[in-house]
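Participant: Sharing a sequence plus its predicted fold:
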Amino acid sequence: MTFLRDLPLYRLQFYLTAAYPCGYLPNRFARSQVVTPSHLVDSTVYSELVRQGFRRSGLNVYRPRCDNCHACVPVRLPVADFTPNRSQRRCRTRNHDVGYILKPLVFDETHYRLYRRYQRARHAGGGMDQDDREQYRNFLLMSRVDSALVEYTLDGRVVMVSLVDRLLDGLSAVYAFYAPELGRRGLGVYNVLTLVELARRMGLSFVYLGYWIGNSPKMAYKRQYRPIEGLIDGRWQLLETVHGPTA
């Protein structure tokens, strides 16, 4: 296994951003620790950074580093042990007619229009609903690591797109957007189930799902996938062991 101490860290720098309003918990301010220069973060370096709790947005690699809050917990699914619950199995059956294909990070007008529809329906007023094509490219199509788009289709039309990074030990789910009128299909859940299967086929051990925040409805859902591990006190451990059973 590669460790951070074995990588050229002397060439990387880590800096803290200024405080900004937290996007997940009300009346709180957040700070991020950002890795620079970004061009030195290749797939090998990024794989270890993710194991240390970092994520990326476009070319920016970061992790939460708030002054008095530790609510953001990096989480991952060990694919060999993961078993879908009854609701997730129903979701998989419900979407048996949805196909998918891996595609390179190339701009597609159909993807962009779906992205805009999704943002307007799910995140109206948040700023991303106004993203132009250049902002879309910078957010989803800029990467210096091994990345791909998972394009999902139903009856010949694109209904969901998922950005995923391949790490040395797993897949990292970066972002997904889908047709808002198909919300009852549970496409977000179906995407996670698909990534688990892809990781198994690739011989990878984990699917990294970003951050779990227990008091945020946007992020708390991740505990529905079991078993799930969290990076707590510097080591990966079962989230249920530390935070109690899932309701």
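Facilitator: It's in.
Participant: On the pLDDT front, check Pro217 for me.
Facilitator: Pro217 carries a pLDDT score of 79 in this model.
Participant: What about it, how many residues nearby?
Facilitator: 8 (other Cβ atoms under 10 Å). C-beta here means a position set from N, CA and C on the backbone, and glycine is covered the same way.
Participant: now could you export just the CA positions of stretch 26-39 as PDB?
Facilitator: The C-alpha trace of stretch 26-39 is given here as PDB (Å, rounded to 0.1, in the frame of the first residue of the first chain):
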ATOM      1  CA  PRO A  26     -27.600  26.400   9.200                       C
ATOM      2  CA  ASN A  27     -26.000  29.300  11.000                       C
ATOM      3  CA  ARG A  28     -22.500  27.800  10.700                       C
ATOM      4  CA  PHE A  29     -19.400  28.700   8.900                       C
ATOM      5  CA  ALA A  30     -17.000  26.300   7.200                       C
ATOM      6  CA  ARG A  31     -13.400  26.200   6.100                       C
ATOM      7  CA  SER A  32     -11.600  23.900   3.700                       C
ATOM      8  CA  GLN A  33      -8.100  22.600   3.500                       C
ATOM      9  CA  VAL A  34      -7.000  22.800  -0.100                       C
ATOM     10  CA  VAL A  35      -4.200  21.000  -1.900                       C
ATOM     11  CA  THR A  36      -1.900  22.900  -4.200                       C
ATOM     12  CA  PRO A  37      -0.500  22.900  -6.900                       C
ATOM     13  CA  SER A  38      -3.300  20.800  -8.400                       C
ATOM     14  CA  HIS A  39      -1.200  19.700 -11.400                       C
END
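Participant: could you give the mean pLDDT of that stretch?
Facilitator: Mean predicted confidence for stretch 26-39 is 92.
Participant: Now do the contacts for the residue lying closest to Lys218 once chain neighbours are set aside.
Facilitator: Once flanking residues are discounted, Lys218 sits nearest to Tyr24: 6.1 Å by Cβ to Cβ, 6 or more residues apart in numbering. Neighbouring residues of Tyr24 by Cβ atoms under 8 Å, 6 or more residues apart in numbering: 71-72, 213, 216, 218-219.
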